[in-house]
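>>> Here is the input, now give the coordinates:
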Amino acid sequence: MNNEKEKMLSGELYDASDPILTTERINCRNCTSEFNNPSTSTDTRVSVIRKLFGTIGETFTIEPNFHCDYGYNIHIGENFYSNFGCILLDVNRITIGNNVLLGPNVQIYTAGHPVDPKLRLSGLEFGLPITIGNNVWIGGSSIICPGITIGDNVTIGAGSVVTKDITDNVIAVGNPAKIIKNL
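As a prediction, the model looks like this:
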């Protein structure tokens with residue numbers, strides 16, 4: 001049988017109160033607290049992100065405050081920019097391509113909970129991977145839901161909630177996000 005971390009990473013239901021996962025989240029919070037501290041230097045912030053993330057390109061900017069669950073499930077390409085207040089719930093893999101811009105308060109959620117009330121009361125949860133392509137701009141206060149793939153050359157309008165995959169070369173807006181223009 002898989003341990004809780006293996007279940008989490010494979011998209012199965014898992015127990016987030018597992019001691020190993022709890023310790024990893026605490027370690028991540030300590031890192032993000034250091035990152036978000038106003039007196040932390042830019043060099044230290046870069047070092048924290050490089051230590052925390054699974055991979056990240058050479059050129060990136062992440063404005064504080066930034067939050068994530070584990071960090072090691074986050075993989076980001078070159079020339080990444082995240083504005084203030086970004087939240088990446090990375091109980092599963094988040095893959096972000098090159099030249100991606102996140103507006104303020106963008107939230108990317110791999111984490112989900114069962115819709116069955118009895119199962120949800122058990123405390124079990126799950127995570128589904130999210131992939132964001134190259135040359136993507138996600139407008140402020142948008143939410144990307146678990147299991148979503150966003151293609152290349154996409155703009156997601158501010159305040160959108162992405163509940164279905166978005167193809168390449170489009171603009172999508174709304175709640176739920178819908179494609180309004182092909183590029």
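
>>> When you work out contacts or count neighbours from here on, use the C-alpha atoms and nothing else.
Will do.

>>> Same question for residue 26, what's its three-state structure.
helix (DSSP: H, G, I helix; E, B strand; the rest coil).

>>> Could you report the distance from it to residue 19?
10 Å (C-alpha to C-alpha, to the nearest Å).

>>> same check, this time on residue 10
18 Å.

>>> out of those two, which sits in the busier spot?
Using other C-alpha atoms under 10 Å, the more surrounded residue of residue 10 and residue 19 is residue 10, with 18 against 11.

>>> contacting residues around the helix or strand of the chain with the lowest mean pLDDT?
Within the chain, confidence by mean pLDDT, DSSP states H and E is lowest for helix 117-121 among all helices and strands, at a mean of 94. Applying C-alpha atoms under 8 Å, 6 or more residues apart in numbering, the external contacts of helix 117-121 come out as 113, 114.

>>> ok, so what distance separates the closest residue to residue 159 other than its chain neighbours from residue 171?
Nearest in space to residue 159, with sequence neighbours left out and distances taken as C-alpha to C-alpha, 6 or more residues apart in numbering, is residue 142 at 4.4 Å. Look at residue 142 and residue 171: by C-alpha to C-alpha, they are 13 Å apart.

>>> and for the two, which residues touch both?
Once C-alpha under 8 Å, 6+ apart is applied, the residues that residue 142 and residue 171 both contact turn out to be 156, 157.

>>> which of the two has more neighbours?
residue 142 (25 against 21).

>>> Give me the most central residue, this protein.
Taking C-alpha atoms, centre = their mean, the centroid of the chain lies closest to residue 88, which sits 3.0 Å from it.

>>> partners of the strand or helix carrying it in the sheet?
For residue 88, the element it lies in under DSSP states H and E is strand 86-89. Within its sheet, strand 86-89 is paired with strand 66-68 (parallel), strand 107-109 (parallel), according to DSSP bridges.

>>> hey, which of those strands is tucked in deepest?
When these are scored by mean count of other C-alpha atoms under 10 Å, the highest mean neighbour count falls to strand 107-109 (a mean of 23).

>>> what about that strand, distance to the chain center?
How far strand 107-109 lies from its chain's middle: 5 Å, per C-alpha atoms, centre = their mean, to the nearest Å.

>>> Report the mean per-residue pLDDT for it.
Strand 107-109 shows a mean pLDDT of 98.

>>> what does that strand contact?
86, 87, 88, 89, 90, 141, 142, 143, 144, 145, 146.

>>> can you give me the helices in the protein?
4-10, 19-36, 42-52, 117-121 (DSSP state H).

>>> any chance of the ones you listed in CSV, plus distance to residue 58?
As requested, the helices of the chain are exported to CSV (distance: least, C-alpha to C-alpha, whole Å):
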stretch, distance to residue 58
helix 4-10, 26
helix 19-36, 18
helix 42-52, 10
helix 117-121, 40
